[in-house]
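**Student:** Give me coordinates for this.
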Amino acid sequence: LILLDSLLQERFKTMTLLRICFVMWLMVSSVLSVQMDWGDNPDLVEESVSIEGREHIKLMVLLVGDSIDLECQVLFTTQPVSGIRWKLNGALINQTDNPIVDVKDGDVFIEERLKIENITEEMDGTTVACDYAKGQYADRVEANLNVFKLEIETSEEVCETYNG
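**Tutor:** I've put the predicted structure just below:
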C-alpha cells in the first residue's frame, strides 16, 4: 500500500510538471507567433466604438483626389515566407511594391506597400485588406475608406471685392 501511494504521488508530480510545461509552451508560442499590423500611417485610426473581433479593422478618412500609401507588416514569421495578398472589396489586386524581408535572430519580418492614386467618390465604403497565410496561420488587417468631397462655392462678387 505504501508503494502504491508513492507511485501515485510520483505520477501526480509528473502530471503537474507536464501541465505547467504545456501552459508555459502555450504562453511562449502565443507571444512568438506570427502577427500582422498596419505600418505607421496617421490617416489610419481605430473605430470609435471598439467591437470585439474587429480589432484588425482601421478607418481611413480621405478626400476625393487623395492618394494613399498603405504598409502591411507581418511580424515573427519564418522562412520561406509566403506572399502578402492585397484585396480591394474582396477582389485580389496586384499593384504592390516588392516586399521587404528582414531576418533578425531567426525571426522574419515582412513589409509590403500598396499605393492607390486619385481616390474617387465611388470608393467611399471600400475595404482594403492585407492577407497573409502560411501553414496553419492565416490573418488579415483591413482598412475601411471613408471618402468625402469638398466643394467650395463663391460668387463673382466675393472674388471681385475680396469681401465675404
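
**Student:** Residue 109 contacts residue 79, correct?
**Tutor:** No - judged on CB atoms under 8 Å, residue 109 makes no contact with residue 79 at a distance of 11.5 Å. Bear in mind the C-beta positions are built from the backbone N, C-alpha and C, glycine included.

**Student:** higher neighbour count, these two?
**Tutor:** residue 109 (16 against 8; other CB atoms under 10 Å).

**Student:** which residues pair with the more buried one across the strands?
**Tutor:** Using DSSP bridges, the beta-bridge partners of residue 109 come out as residue 102.

**Student:** Would you mind listing where the protein has pLDDT under the threshold?
**Tutor:** Within the chain, the segments meeting pLDDT under 70 span 1, 3-5, 7-8, 11-12, 14-32, 95-96, 164.

**Student:** Overlap of the contact sets of residue 109 and residue 79?
**Tutor:** Residues touching both residue 109 and residue 79 (CB atoms under 8 Å, 6 or more residues apart in numbering): residue 103.

**Student:** Show me what the strand ranked longest in the chain is packed against.
**Tutor:** In the chain, with assignment by DSSP state E, the single longest strand is strand 137-148. Where contact means 3 or more CB pairs under 8 Å, 6 or more residues apart in numbering; DSSP states H and E, strand 137-148 is packed against strand 35-38, strand 57-63, strand 68-77, strand 127-134.

**Student:** try 7 Å this time
**Tutor:** Helices and strands touching strand 137-148, as assessed by 3 or more CB pairs under 7 Å, 6 or more residues apart in numbering; DSSP states H and E, comprise strand 35-38, strand 57-63, strand 127-134.

**Student:** now the angle from that strand to strand 127-134?
**Tutor:** Per axes from the mean of the first three to the mean of the last three CA atoms, to 10 degrees, the angle that strand 137-148 makes with strand 127-134 is 170 degrees.

**Student:** Number the residues from 41 up from this point.
**Tutor:** Sounds good: first residue 41 from here, last item strand 177-188.

**Student:** Strand 177-188 pairs with which strands, and in what direction?
**Tutor:** Strands that pair with strand 177-188, judged by DSSP bridges, come out as strand 97-103 (parallel), strand 167-174 (antiparallel).

**Student:** Distance from the chain centre to the helix or strand following that strand, please.
**Tutor:** The element immediately downstream of strand 177-188 (helix or strand, assigned by DSSP states H and E) is helix 196-201. Here helix 196-201 is found 49 Å from its chain centre; the criterion is CA atoms, centre = their mean, to the nearest Å.

**Student:** ok so, going back, what are the buried residues along the longest strand of the chain?
**Tutor:** Using 16 or more other CB atoms under 10 Å as the test for burial, strand 177-188 gives 179, 180, 181, 182, 183, 185, 187.
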